[in-house]
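*Asks:* turn this into a structure:
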Amino acid sequence: MFNQYPDVLTVPQVAEALRIGRAAAYKLVNEKVIGSVRIGKTIRVPKSNLIAYVESSRYNVSL
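*Replies:* So this is what the prediction gives:
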């Protein structure tokens, strides 16, 4: 799953992988629905967190 993506993704890459808008991806990250790491001003999402999100029942959350 998501083999074409690096082990650590940017939020725009998360949006692309989930086929959602950037604003929706930022909302998921900011609300801590998808785990992320803030490094300075940048946000990075470990691919394992993205996979866990997709495999969980939490992905039924309405945005």
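*Asks:* what's the burial count for the closest residue to residue 13 other than its chain neighbours?
*Replies:* Spatially, and ignoring its direct neighbours in sequence, residue 13 is nearest to residue 5 (6.1 Å; CB to CB, 6 or more residues apart in numbering). C-beta coordinates here come from the backbone N, C-alpha and C atoms, glycine included. Look at residue 5: counted by other CB atoms under 10 Å, it has 16 neighbours.
*Asks:* surely residue 5 touches residue 17?
*Replies:* Yes - Residue 5 is within contact range of residue 17, at 5.8 Å (criterion: CB atoms under 8 Å).
*Asks:* touching both of those two, which residues are there?
*Replies:* The contact sets of residue 5 and residue 17 overlap at residue 50 (CB atoms under 8 Å, 6 or more residues apart in numbering).
*Asks:* and stretch 5-23, what's buried?
*Replies:* For stretch 5-23, the neighbour count (16 or more other CB atoms under 10 Å) marks 5, 9, 11, 13, 14, 15, 17, 18 as buried.
*Asks:* nope, stretch 36-48 is what I was after
*Replies:* 36, 43, 44, 45, 47.
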